[in-house]
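> Give me a 3D structure for the following:
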Amino acid sequence: MIDPQPSTVNGDLVSAWLSARAERDLDRVASLTTADAIWHSPVEGRRIGRAAVIEEIRRAFENTDRFETALVSLRCQSTTAEAQIRNVATRHGKSLDSVQTLSFRVENGQIAEIHVQVDDQAQVEDFWR
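Numbering: from 1, shown residues only. Predicted coordinates for the structure are as follows:
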C-alpha cells in the first residue's frame, strides 16, 4: 500500500527523533534508528550502526559543559528529510553557536542515515578538539 502522505510520516519520525535527541532520550533515539544506520560527521567521519549513532549523540552531551539543540526548520520528501537545527554549547571555555543541516534517509519507518553539515567547519572542528 502506498502512503498518501509520506512526507507527513517522515516529518513525524524525524521530529520524534530530533525531540528524543534534544531530550537526551537515547533509548528512544535508538528505537527510531535502524540497526545498520549510517552517521556522517563533518568532524569524525562516517560511523556505521545504531550503537555508533547513539555514541556520537551521547558524546555531544557528555563532552560539553552545556549543550542545547533546537529545530529551526524541517522539509520532508518521500524517503528523505532535511532539518536545520541550532546547537549552542560550551566546552572547556569555548563556545559554539552553530546552525547545522541534518539530512535524513528513512527506511521502513526508521532513520537509516544521517548526514551532518555545519555552517562553519573550522569553528566546529576547533570546538570539538
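
> give the contact list for the residue most central in space within the chain.
In the chain, the residue lying closest to the centroid (Cα atoms, centre = their mean) is Leu102, at 5.8 Å. Leu102 sits next to Leu18, Glu82, Ala83, Gln84, Ile85, Ile114, His115, Val116, Gln117 when contact means Cβ atoms under 8 Å, 6 or more residues apart in numbering. No exception for glycine: its C-beta is placed from N, CA and C like everyone else's.

> Just those: which are in helices?
Per DSSP state H, helices hold the following members of the contacts of Leu102: Leu18.

> Show me just the buried residues among the contacts of Leu102.
Leu18, Glu82, Ala83, Gln84, Ile85, Ile114, His115, Val116 (16 or more other Cβ atoms under 10 Å).

> could I get the contacts of Leu102 as a markdown table with pLDDT and distance to Phe127?
Putting the contacts of Leu102 into a markdown table (pLDDT from 0 to 100; distance: Cβ to Cβ, whole Å) gives the following:
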| residue | pLDDT | distance to Phe127 |
| --- | --- | --- |
| Leu18 | 95 | 21 |
| Glu82 | 95 | 23 |
| Ala83 | 95 | 20 |
| Gln84 | 95 | 19 |
| Ile85 | 94 | 15 |
| Ile114 | 97 | 19 |
| His115 | 97 | 19 |
| Val116 | 95 | 14 |
| Gln117 | 95 | 16 |
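
> Show me the shaky parts of this structure.
Applying pLDDT under 70 to the chain flags the ranges 1-8.

> Please compute how far the lengthiest strand in it lies from its chain's middle.
Looking across the chain with DSSP state E, the single longest strand is strand 94-107. Strand 94-107 sits 6 Å away from the centroid of its parent chain (Cα atoms, centre = their mean, to the nearest Å).
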